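Engineer: Give me the fold of what follows.
(chains A and B)
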Amino acid sequence: MSQRIGFPSTLFYFIYYPFWHSFFKSLGYEVVTSLPTTKYSLDLGVKEAVNDACLPIKLYHGHVAELKDKVDILFLPRMVSVRKLDAETFCPKFLGLPDMIRNSIEDLPKIIDEKVDLAKGYFSQWRLCRRVAEQLGKKGWQVYSAYSQAKKVQENYIANLAAGISPLAAMENAVTGKTAVLPGNSQADIDLAILGYPYLIYDSFINVDLFEKLAQMGVRPWTVEMIPPDRLEAQGRNFIKHLFWHFSNRTMRATYYYLKEKKVDGIVHVTAFGCGPDAMVDKLMELEAKNTGRVPYLTLSLDEHTGEAGVLTRIEAFVDMLRLRRRDNESIISSNG
Amino acid sequence: MKVSFPVMGNSYIAFKQLLAEIGHEPLVPPMPSARTMTLGTAYSPEFACIPFKILMGTYLEAIEKGAELIVSSGGHGPCRAGYYGILHQKIINELGYNTKVIIFDSINMGFKDFTGKLNYLLNSGKSSWWKLIKVYRAVWDKLIALDEIEILSHQIRPYEIEKGITSKLYDKCLDIMDQAKTRQQISEAKEACFQLLNKIPQDFGRNPLKIGIVGEIYVQIEPFANLDIQATLGEMGVFTKRGIHLTEWWRETTRQSHNEERAIKAAKPYLDQMIGGHGILSVGETILHSKNGYDGVIQLAPFSCIPEIVAKGILTQVSRDHSIPVLTVFLDEQTGKAGLQTRLEAFVDLLYQRRQKRLEGAVS
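Structural biologist: Okay, the predicted model is just below:
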């Protein structure tokens, strides 16, 4: 039987899993993910993690704790950087994550915590793959072909996301190799940018089925991943100084994009209770939304006690307000002739 | 121009002189107080850390007093402190003030940017680079003297016979240092302060507990932020050594000193990655303190400080492996002096009992 490699299905899972799934599969491993977030994994996380940590870090602990007995090897990459841009890295909690896991969860299987530091040197992605493969005792041509295959799968996945396919469907495509159908909500009359980190936006347990609720309310959601990558990049010119955290830069760029290029009716920032970088990002977004065209802005803070009713009420009120605002604007126009 | 800057420990005495001598009117903001905290909290993001909020409040108080320019330091992340300046500026503008905030990032991050800002500061004060070089040495001497005096006061306090006398004389020392301007005067003033402090009657028969203080730089240095924890412990008869002083930090960042490397090396088995701020040092210094026979360690951190949360997650294991008790104190705008005092007393009691048992051979 082939060895099983575990990949927790949270944090960077929503962006980078297809790559690693394909890579390990080509090398002859079975890739096992933790189950989608449930009350159980959340409770496990709250129990294992240091109590001052933010919700996503607690969740990651929970997913690891749930996964550890089902696999032979845990793959917990240390995310340091994925591109060269000023001093861009990830949140310090991401940087120290493998160490936090090691020092708080007991009876762990073998861990591969190779440093993902793509800002340094040439062919850094390939060298990273070689290092990971080396830890598994794999060498030579098969590693290279697994790497180039994985790269293709990843590119395809990102393109799918940009086309507006939900990450779950796109992930399914990437993993099984099928093509998907574009979802469409033709009745939607409100365009809302739902911005935030992928591990909150795409985890339907944590955001209490936010997207389903939006669809029922006739709202067309726009996310960070739905922006064509080159347009997202181009927003970099709006910064005085780049933020230090990769996902924060993406969120901030997306804010500029939806404020300046593709106009939306409102912006919802989905954030986690206790998120350090978001303390800065949220304020910046609020100020930008206010100063660039007075776009309505809502912060939706999620924590381990977030109730469905609470989120629903806030979203409903926000959407109602947007509709009222639109009606008022229309009536002003018509009365003026 | 009326130029202001953040208050951090006793360093304002030196920065005041620096600004005055390059031709500006230094505006020392009011020492951080409950009002600073209230102002800062009102206009900062809810989850910003306490240094951000205190600085925000300090800037607003300085602006009330007529500050036209605020000078502060930046950073390259991933700690949030590196982005403080930009957000402070935006919030200040949003409130309708046009006070400018100049942030000096590390010279390695952009030589032109750094020298450009320095040029602006010198030109607007009708001063020159030559003048700066001359005054720089005096100011540096002063900063070192201030740090040395503070360290001495912390060494003497646990032995003082009359409670509170050290703190009283320390305040007097700050006044003396404030008067000294030239290098000659500074060195004389330093001697005078040393004599003043060393004359304090001490009881050398005591065997005080030794506690190492680790954690985030701002809350370690600024007594308002840490509720004067070092003096409080000192008056409880505890010897404390703090991880960071301003001049040491400056020497480390400019690579004139290499003490940090020892701590980073010690932390390696637990944390093999720079995580910004002083997170890795908190881990490393705890291990070094344990090896150097300290009785315990107190980790000071602002509430929601990212690197220190990572460090805290790891310190539980370090504490077990190296059998050194660690007390983590997260400070925020709600932290009260009495609450902290109670926790400190409990911690100190525990350490005394532990030492007693150790002497009796019960604990290894």
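Engineer: Mind telling me which residue of chain A is nearest chain B?
Structural biologist: Nearest residue of chain A to chain B, counting by CB to the nearest CB: residue A:244, 2.8 Å away. In this view, the C-beta of every residue, glycine as well, is placed from N, C-alpha and C.
Engineer: burial measure for residue 260, as a count.
Structural biologist: With no chain named, the answer covers chain A. The local packing of residue A:260 (other CB atoms under 10 Å in any protein chain shown) involves 13 other residues.
Engineer: actually it's chain B I care about, not the one you picked
Structural biologist: Using other CB under 10 Å: residue B:260 sits among 21 other residues.
Engineer: Skip the chain neighbours and tell me the closest residue to residue B:252.
Structural biologist: Excluding its sequence neighbours, the residue lying closest to residue B:252 (CB to CB, 6 or more residues apart in numbering or on different chains) is residue B:260, at 4.9 Å.
Engineer: do the same with residue A:256
Structural biologist: Residue A:256's closest residue in space is residue A:235 (CB to CB, 6+ apart), at 4.2 Å.
Engineer: Now do the same contact list for that neighbour.
Structural biologist: Taking CB atoms under 8 Å, 6 or more residues apart in numbering or on different chains, we find residue A:235 in contact with A:252, A:253, A:254, A:256, A:257, A:260.
Engineer: Which one of those sits in the busiest neighbourhood?
Structural biologist: For the contacts of residue A:235, neighbours tallied by other CB under 10 Å; top is residue A:254, 26 neighbours.
Engineer: dump the residue contacts of it.
Structural biologist: Residues in contact with residue A:254, defined by CB under 8 Å, 6+ apart, are A:193, A:195, A:223, A:224, A:227, A:232, A:235.
Engineer: quick one, what contacts the closest residue to residue B:25 other than its chain neighbours?
Structural biologist: Spatial nearest neighbour of residue B:25, chain neighbours left out: residue B:2 (4.9 Å); criterion: CB to CB, 6+ apart. Listed by CB under 8 Å, 6+ apart, the contact set of residue B:2 reads B:24, B:25, B:27, B:65, B:66, B:67, B:68, B:69.
Engineer: all strands in chain A, in order from the N-terminus.
Structural biologist: Here chain A has its strands, by DSSP state E, at A:4-7, A:30-33, A:73-75, A:78-81, A:110-112, A:115-117, A:190-196, A:219-222, A:266-272, A:297-302.
Engineer: is it possible to export these to CSV including mean neighbour count and distance to chain B?
Structural biologist: Formatted as CSV, the strands of chain A follow (neighbours: other CB atoms under 10 Å in any protein chain shown; distance: least, CB to the nearest CB, whole Å):
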stretch, mean neighbour count, distance to chain B
strand A:4-7, 22, 20
strand A:30-33, 17, 24
strand A:73-75, 21, 17
strand A:78-81, 20, 6
strand A:110-112, 15, 13
strand A:115-117, 18, 7
strand A:190-196, 24, 15
strand A:219-222, 21, 24
strand A:266-272, 23, 9
strand A:297-302, 20, 9
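Engineer: Reformat those strands as a markdown table; add mean pLDDT.
Structural biologist: Formatted as a markdown table, those follow (pLDDT from 0 to 100):
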| stretch | mean pLDDT |
| --- | --- |
| strand A:4-7 | 94 |
| strand A:30-33 | 93 |
| strand A:73-75 | 93 |
| strand A:78-81 | 91 |
| strand A:110-112 | 92 |
| strand A:115-117 | 90 |
| strand A:190-196 | 93 |
| strand A:219-222 | 90 |
| strand A:266-272 | 94 |
| strand A:297-302 | 93 |
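Engineer: Export the ones you listed to JSON lines and append columns for distance to residue B:209.
Structural biologist: Shown next, in JSON lines, are these (distance: least, CB to CB, whole Å):
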{"stretch": "strand A:4-7", "distance to residue B:209": "45"}
{"stretch": "strand A:30-33", "distance to residue B:209": "49"}
{"stretch": "strand A:73-75", "distance to residue B:209": "41"}
{"stretch": "strand A:78-81", "distance to residue B:209": "38"}
{"stretch": "strand A:110-112", "distance to residue B:209": "38"}
{"stretch": "strand A:115-117", "distance to residue B:209": "40"}
{"stretch": "strand A:190-196", "distance to residue B:209": "47"}
{"stretch": "strand A:219-222", "distance to residue B:209": "58"}
{"stretch": "strand A:266-272", "distance to residue B:209": "39"}
{"stretch": "strand A:297-302", "distance to residue B:209": "42"}
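Engineer: Those strands: which one's closest to residue A:316?
Structural biologist: Each of the strands of chain A has some distance to residue A:316 by CB to CB; the shortest is strand A:219-222, at 10.3 Å.
Engineer: What helices and strands are in contact with the closest one?
Structural biologist: strand A:190-196, helix A:210-216 (3 or more CB pairs under 8 Å, 6 or more residues apart in numbering or on different chains; DSSP states H and E).
Engineer: List the buried residues in the last one.
Structural biologist: Using 16 or more other CB atoms under 10 Å in any protein chain shown as the test for burial, helix A:210-216 gives A:210, A:211, A:213, A:214, A:215.
Engineer: Stretch A:42-60 now?
Structural biologist: Buried residues in stretch A:42-60, counted by 16+ other CB under 10 Å: A:42, A:44-46, A:48-50, A:52-60.
Engineer: How far off centre is it?
Structural biologist: Here stretch A:42-60 is found 18 Å from its chain centre; the criterion is CA atoms, centre = their mean, to the nearest Å.
Engineer: Surely residue B:142 touches residue B:13?
Structural biologist: Yes - assessed by CB atoms under 8 Å, residue B:142 is found in contact with residue B:13 at 6.9 Å.
Engineer: any idea how the chain splits into domains?
Structural biologist: You didn't say which chain, so I picked chain A. When chain A is parsed with automatic domain parsing, its domains come out as A:4-176, A:190-335.
Engineer: that's the wrong chain, I wanted chain B
Structural biologist: Domains of chain B are assigned by automatic domain parsing as B:2-127, B:138-203, B:208-364.
Engineer: Residue A:328: which of those is closest?
Structural biologist: Relative to residue A:328, the nearest member of the domains of chain B by CB to CB is domain B:2-127, separated by 25.9 Å.
Engineer: and that closest one, how far from the chain's centre?
Structural biologist: How far domain B:2-127 lies from its chain's middle: 16 Å, per CA atoms, centre = their mean.
Engineer: ok, residue B:335 touching residue B:225?
Structural biologist: No - Residue B:335 is beyond contact range of residue B:225, at 9.3 Å (criterion: CB under 8 Å).
Engineer: list the contacts for residue A:9?
Structural biologist: Residue A:9 is in contact with A:17, A:33, A:34, A:35, A:36, A:37, A:63, counting by CB under 8 Å, 6+ apart.
Engineer: Write a PyMOL command that selects only the buried members of those residues.
Structural biologist: Listed next is the PyMOL selection for buried residues among the contacts of residue A:9, using 16+ other CB under 10 Å:
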select buried, chain A and resi 17+33+34+37+63
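Engineer: Out of the contacts of residue A:9, name the ones that lie in helices.
Structural biologist: Counting by DSSP state H, the contacts of residue A:9 place A:17, A:63 in helices.
Engineer: quick one: which of the contacts of residue A:9 is nearest residue A:77?
Structural biologist: Nearest to residue A:77 among those is residue A:17, at 11.0 Å by CB to CB.
Engineer: Show the contacting residues for that closest one.
Structural biologist: A:7, A:9, A:33, A:171.
Engineer: any chance of these in a markdown table, plus distance to residue A:290?
Structural biologist: Below are the contacts of residue A:17 laid out as a markdown table (distance: CB to CB, whole Å):
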| residue | distance to residue A:290 |
| --- | --- |
| A:7 | 40 |
| A:9 | 36 |
| A:33 | 40 |
| A:171 | 36 |
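Engineer: Let me know the closest of these to residue B:360.
Structural biologist: Once CB to CB is applied, the member of the contacts of residue A:17 that ends up nearest residue B:360 is residue A:7, at 51.5 Å.
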